[in-house]
Structures are given as C-alpha cells and as structure tokens.
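[1] Requesting a structural model of the entry that follows:
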Amino acid sequence: MTKSSLTSFFLPGILILAIYMTGCGEKPAEKSSAPLPPLIEESQLVQPKEIAPPQPVVVSEKTRETYQWYCAQCHGTKGKGDGVNSKFLTVPPRNHTKADYMETRTDEQFFEAIKFGGLSVGRAPCMPAWGNTLEDSTIHELVRYIRELCQCEAL
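    As a prediction, this is how the structure comes out:
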C-alpha cells in the first residue's frame, strides 16, 4: 500500500472519531434557576365528591310475594313464626319480627339458612334449602325483607 492509499483508508475513520469525541459541537445543557411549571393545572384537579347518605333499601312487591309463597306457611304472613304449618313442626319457626334475636345474626347467616337450609347454620333441620328453587339475588332480597320485618340491622 502506498502512503496516499493509507491516508485515504484511515482519514475517514479519524474524522468520525474526532467528531464523536467532540460531541458534534454541542455544549452541555446548563441548569436553569427558573422554577419549573406545575405539572397539573389547578383547574384540572379532581375535586372530591360529597358522599350522599345511604338511602333505605326498598323491598319490591315481588319479594314480598316470594316471602308469602315460600316462607309464610311456616313463618306466618307477617313473619311472626305463626304460619299454618308451624303447629306441626317439632322446632317452632323463627319469629322474624323479634329484633332482639334477629340483630344477633348477620345477613350472610340468613342468606345461608335460606339457600342451604336451617341445618347448614346450626338451626332447625325442618327449614328447607331453597338454593335450587330461588336465585341468589332473590335470596338476598328476602334477607332485606326479613330485616324490614324485624326493623333491625345486621350484626
């Protein structure tokens, strides 16, 4: 190789290296002492919403009819445990209007008693399981109706 061919071979590489080492002539960014603008405008902030007090749950007429159809034979039309079948049962049906007892039970316990039967929650074995007859949503509505009968809250 001749001297001019060596120069033409290495010269482009040297130029690229020189440009790379100088950083393409850019100066490093200087830090500004000016304050940064806010990231979120005050008008963009989400204001907390006021929470409305809970509204009482209104039991539908359909739920009342379901109670009369499936529950009243034992628990009575007004839930007092005095239905037409009550005198034939070994264990008297629960009086759903007695708040002092009903307040000691959770809604989940009522739900399970209706769905799986009385024995499932340690109560009367003559209380049938309605889980194959009634949908879960209907059972939850019946629990609300029972709370209305006793005029009580859950545990």
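[2] Mean pLDDT per helix and strand in this protein: which one sits at the bottom?
    None of the helices or strands of the chain scores lower by mean pLDDT, DSSP states H and E than helix 3-22, at a mean of 58.
[3] List the buried residues of the following helix or strand past that helix.
    As assigned by DSSP states H and E, the chain's next helix or strand after helix 3-22 is helix 61-70. For helix 61-70, a neighbour-count test (16 or more other Cβ atoms under 10 Å) marks 63, 66-67, 70 as buried. Bear in mind the C-beta positions are built from the backbone N, C-alpha and C, glycine included.
[4] go on, stretch 84-100?
    86, 93-97.
[5] same deal with stretch 109-119?
    Quick answer for stretch 109-119 (16+ other Cβ under 10 Å): 109-115, 117-118.
[6] re the thing from before, return the closest of the buried residues of helix 61-70 with respect to G76.
    Y67 (10.2 Å; Cβ to Cβ).
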